[in-house]
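Undergrad: Just the structure for this:
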Amino acid sequence: TKFDWPTLRDAVLRDVDRLNAAYTSTLETHKVERFLERAVITGPHSVRLASGRDITAKHILVATGAWPIMPEFEGSEHCITSNEVFHLEKLPRRVVIAGAGYIAMEFAGIFNALGSHVTVINRSETLLRGYDESLRDRLLQITMARGIQYRFNCPFEKVVKREDGVLEVWLKGQPDPVLADQVLVAAGRKPNTAGLGLENAGIALGERGEIVVDERAQTSCPSIYAVGDVTDRVQLTPVAIREGQAFADRVFGNKDVRIDYSCIPSAVFSQPPLAGVGPTEGQARNKYGSIKVYSSDFRPMKNIFAHRPERGLYKMIVDAATDRSGLSAAFDTGTGSLSLAAWFRTHPAVRMLRACQRPVLVVRKAAAQPYQSLLVAVDFSQVSQRLVELGSALQPSARVELFHAIDTTNEGKLRYAEVSERAIRA
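TA: Numbering: from 1, shown residues only. Predicted coordinates for the structure are as follows:
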């Protein structure tokens with residue numbers, strides 16, 4: 001097997017061009033007028049293009065996203081961000097990555113898998129803050145076994161470029177530098193609001209420079225709205241897409257659509273990947289007090305065949321008093337509606353989650369009643385046992401249905417598993 005960095009790099013850039021062409025085609029099909037110029041807001045209903053043309057509109061939507069942060073330290077000009085990774089002329093033999101968030105961990109896995117020597121340097125002792133601790137620990141163990149090195153509690157002091165092109169990364173309190181061919185700074189992203197002319201419309205900004213919006217994505221200027229990373233609420237692509245859809249529904253569809261940010265799935269495409277939805281174990285203990293943790297620690301078959309010792313880990317956390325999880329709470333609407341249309345999707349992880357083969361047992365206490373909170377993720381082999389446990393709550397006219405919770409292929413609706421209702425009743 002032979003790997004060629006320019007081939008991969010050029011393939012990535014070609015695919016970006018393909019995506020841009022696809023979006024452009026969609027806009028043209030819907031007769032959307034486009035101006036490929038920088039625009040500056042000049043008032044509540046107007047923007048000025050770089051060419052000097054003024055454009056007016058009843059509504060203005062700001063969706064300029066976020067931009068990688070480059071901290072101020074000596075030698076930062078010798079470092080790159082995620083923007084420049086796929087423009088490198090050659091694969092670096094040694095890579096230092098500053099940060100331990102999802103961007104840092106994803107590129108650490110990529111460079112490590114391609115043969116680079118990777119050192120992850122973080123100013124704190126935590127990687128992937130916000131994810132479950134046991135999952136983070138498992139990822140740390142596996143990546144260390146694969147050869148990634150870590151330096152925790154080590155803030156950058158300076159980066160010095162030698163005459164031979166090698167970079168010396170000096171860390172505070174460390175006697176010797178870490179040598180690298182490239183230094184990737186992945187220290188987060190900041191809202192891209194600089195130079196937009198927001199002050200011309202009296203648009204309020206937050207502490208990080210984000211556009212402050214209300215639950216309808218409306219800024220302090222009533223005619224101007226903002227969605228996505230520029231608002232610094234949840235920096236995830238599916239969230240930005242959902243916010244854009246909700247804006248269109250409200251402003252042009254006369255629907256009072258509001259977004260629930262309480263249960264958003266997210267994924268880190270590290271190697272191996274990590275994903276989660278709902279509260280972590282620590283967050284659940286703080287919120288509910290008494291909880292139950294169901295976990296599966298196993299060695300995937302592909303690793304057995306490859307003689308690799310790496311093990312997978314799944315966890316489900318429920319309130320001990322009700323047996324409800326953060327996932328089941330999303331179903332318990334009290335209306336009987338089980339549509340997943342309003343759910344956030346991780347991208348492109350739906351298939352990965354569906355591969356967990358965790359069906360959901362949904363029970364109505366009586367046929368005419370809404371779906372109740374008797375909702376438990378189970379293995380197929382546990383269906384009969386779970387129905388016995390629920391027997392005292394069921395009535396003769398009860399409906400028992402089995403769904404795949406994560407299958408969103410049918411227009412976002414739950415679909416039956418390939419098990420008939422008669423078989424479940426039996």
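Undergrad: wait, doesn't residue 149 sit right on residue 121?
TA: No. The criterion here is CB atoms under 8 Å, and residue 149 misses it with residue 121 at 9.2 Å. The way it works is simple: take the backbone N, C-alpha and C, and place the C-beta from them, glycine included.
Undergrad: ok, those two, which is more surrounded?
TA: Here residue 149 and residue 121 are compared on neighbour count by other CB atoms under 10 Å; more neighbours surround residue 121, at 25 against 15.
Undergrad: Could you measure from the residue nearest to the more buried one when sequence neighbours are not counted over to residue 170?
TA: The shortest distance from residue 121 to any non-neighbouring residue, by CB to CB, 6 or more residues apart in numbering, is to residue 151 (4.5 Å). Look at residue 151 and residue 170: by CB to CB, to the nearest Å, they are 12 Å apart.
Undergrad: hang on, the earlier thing: measure how buried the residue nearest to residue 121 is and give me the count.
TA: There are 16 residues near residue 151, going by other CB under 10 Å.
Undergrad: and it, what does it touch?
TA: 119, 120, 121, 122, 171, 178 (CB atoms under 8 Å, 6 or more residues apart in numbering).
Undergrad: Tabulate the residues you listed in CSV, adding columns for secondary structure.
TA: Shown next, in CSV, are these (DSSP: H, G, I helix; E, B strand; the rest coil):
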residue, secondary structure
119, strand
120, strand
121, strand
122, coil
171, strand
178, strand
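Undergrad: Show me just the buried residues among those.
TA: 119, 120, 121, 122, 171, 178 (16 or more other CB atoms under 10 Å).
Undergrad: Between these, which sits nearest residue 189?
TA: residue 122 (16.5 Å; CB to CB).
Undergrad: where along the stretch 51-200 of the chain do the helices fall?
TA: Here the stretch 51-200 of the chain has its helices, by DSSP state H, counting those that start in this stretch, at 102-113, 133-145.
Undergrad: can you list those helices in TSV and add distance to residue 85?
TA: Formatted as TSV, the helices of the stretch 51-200 of the chain follow (distance: least, CB to CB, whole Å):
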stretch	distance to residue 85
helix 102-113	7
helix 133-145	18
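Undergrad: Out of those, which is closest to residue 274?
TA: helix 133-145 (5.6 Å).
Undergrad: From the chain's centroid, how far away is that closest one?
TA: Helix 133-145 sits 19 Å away from the centroid of its parent chain (CA atoms, centre = their mean, to the nearest Å).
Undergrad: who does it touch, helix- and strand-wise?
TA: helix 102-113, strand 274-276, helix 281-288, strand 312-319 (3 or more CB pairs under 8 Å, 6 or more residues apart in numbering; DSSP states H and E).
Undergrad: Pull out the buried residues from it.
TA: For helix 133-145, by 16+ other CB under 10 Å, it's 134, 135, 136, 138, 139, 140, 142, 143.
Undergrad: which residues sit against that helix?
TA: 105, 108-109, 112, 126-128, 150, 270-272, 274, 276, 280-282, 295, 309-311, 313, 315.
Undergrad: ok, of the residues you listed, which come out buried?
TA: Members of the contacts of helix 133-145 classed as buried by 16+ other CB under 10 Å are 105, 108-109, 112, 127-128, 150, 270-272, 274, 276, 280-281, 313.
Undergrad: Which one of the residues you listed is nearest to residue 240?
TA: residue 276 (19.3 Å).
Undergrad: show me what contacts the closest one?
TA: By CB under 8 Å, 6+ apart, the neighbours of residue 276 are 131, 132, 135, 265, 266.
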